[in-house]
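# What shape does this take:
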Amino acid sequence: MKIAIVGAGLAGLSAAMNLREHAEVKVFEKDDVGGLASSYCKDHYCIEKFYHHCFRQDEELLKLIKELKLSNKLVWKVAKVGYAVDDKIYPLNTPIEILRFPYLSFYDKIKLAMFTIKSRKRDYVLEDGRGVVDGIKKELGDKLLNNFFMPLLKSKFGENYKEVSYAWLLARVSIRSNRKYSGEELGYLRQGFHQLIERMREGIEIENKVVKLERFRRFDVCGEKFDAVIYTAPIPELGEEFRNALNLPKIKYQSSVCALIALKDSLTNIYWTNVKEETIFGALIEHTNFMPLEDYGEHLIYLASYSTPDGWLFNKNVDELEKLYIKDAKKFGLDERNINWIKIFKAKYSGPIFEKGYLKKITDYKTPIKGFYIAGMTSKPNYPERSMNGSIKAGKEVAEVLKRDFGLI
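Take a look at the predicted model:
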């Protein structure tokens, strides 16, 4: 049996890994293998194009890391976080630091702490139909909404923030509430997640080609005949006719734009800084305040932004974007003489916008066209927040569905 997998991101590679012993599998990828988890490599190190880390509850990811014998590279560290307001970064890690933060009252800080604790046990699915603004306003009040959450929502979703489901926020808070006394604990593969991608792709045939699927030639991929196809690329790239034939819902997507900058000297002493300022980026992530500087030989920071596929930010040319990122980063002490190099990375469809009622838009693995399957960011394991863990799980699950359908188990 021959199976084509479109997309060599984590979902596509995961599906291929779980099918290669049962069938002849070929993966097609138009860009870099690894998708959003792909890396930019220098002479002596590789670094993800878009920031990555993992969490203790990422069961499928952690299981795969162990299976691929990379557990010795997995490290867990408490990551320092902060909030930038009025050109100043306030650390928000220990209880003392949080109490000293001047932009929230003591009462609001208590409410925020209780909200975080309760979110761990809540069934966020029940809030799928409620908007995030309404949810925050009802539970936490206008001050926390406007002074704390609103800048974060706008930097993450732009004007689409009004449509986002409260379920997304509850799930995100729950995932990110693995806190120690001194801050949040995160995981990372020392020397980079490119090692995971390389192990996953071993023994898998990958062809670098653009795939254009047509409704009535669905098993003819790049001139080659297949018995089944698993599609793991973004839904919009399927084309309107095919989407209609599959009766797929309309899903809004975000775009990601990220500046990765190498510096001679550190910019901050914090790993993750959320930015309230009116800047082109919503978060400043200093990777070498999380992983050892000696692994890279230079300080590495991400300036992370979100746009939409038709937004001005995504469609701005790279040279202009470099100037804009550098200009806004000067508010946080960036000196152009301190820059070794800068790279701009874009992902047109980096993830769905989890709108109110998104639960009804989750795509099933099986489609109305027999032998054609869909898995990836719009699959259930990635609801209501996409992740490496969710994509790996989606790839694994779609492979199991296909095996049952074709009697490969």
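
# Tally up the residues packed near K88, please.
If you count neighbours by other C-beta atoms under 10 Å, K88 ends up with 12. In this view, the C-beta of every residue, glycine as well, is placed from N, C-alpha and C.

# separation between it and Y271?
17 Å (C-beta to C-beta, to the nearest Å).

# go on, A228?
43 Å.

# And those two? Which one has more around it.
Y271 (25 against 20).

# Looks like the more buried one contacts V81 (just checking).
Yes. Using C-beta atoms under 8 Å, Y271 is in contact with V81, at 6.6 Å.

# Pretty sure P381 sits in a strand.
No. Read with DSSP: H, G, I helix; E, B strand; the rest coil, P381 is helix and lies in no strand.

# Find the residue ranges of the protein scoring beneath the pLDDT cut-off.
Applying pLDDT under 70 to the chain flags residues 176-182.

# try it again with 50
Judged against pLDDT under 50, the chain has no low-scoring part.

# before we move on, the earlier item: okay, and the common contacts of Y271 and V81?
Counting by C-beta atoms under 8 Å, 6 or more residues apart in numbering, Y271 and V81 have no contacts in common.

# measure the nearest residue to L189 once chain neighbours are set aside to M291 for me?
By the measure of C-beta to C-beta, 6 or more residues apart in numbering, the closest residue to L189 outside its immediate chain neighbours is K73, 4.8 Å from it. From K73 over to M291 the distance is 11 Å, taken as C-beta to C-beta.

# Now the common contact residues for these two.
With C-beta under 8 Å, 6+ apart, K73 and M291 have common neighbours R190.

# which of these two has more neighbours?
Between K73 and M291, M291 has the larger neighbour count (other C-beta under 10 Å), namely 20 against 15.

# what sits against that one?
Taking C-beta under 8 Å, 6+ apart, one finds V75, Y188, R190 in contact with M291.

# what sits against the last one?
The neighbourhood of R190, defined by C-beta under 8 Å, 6+ apart, consists of K73, L74, V75, M291, P292, D295.

# What is the neighbour count of the fifth one?
Right, the one you point to is P292. 9.

# repeat for the third one
Applying other C-beta under 10 Å, we find 13 residues neighbouring V75.

# still on that earlier bit, how about JSON lines for the contacts of R190, with secondary structure and distance to A329 added?
Formatted as JSON lines, the contacts of R190 follow (DSSP: H, G, I helix; E, B strand; the rest coil; distance: C-beta to C-beta, whole Å):
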{"residue": "K73", "secondary structure": "helix", "distance to A329": "30"}
{"residue": "L74", "secondary structure": "strand", "distance to A329": "31"}
{"residue": "V75", "secondary structure": "strand", "distance to A329": "27"}
{"residue": "M291", "secondary structure": "coil", "distance to A329": "20"}
{"residue": "P292", "secondary structure": "coil", "distance to A329": "23"}
{"residue": "D295", "secondary structure": "helix", "distance to A329": "23"}
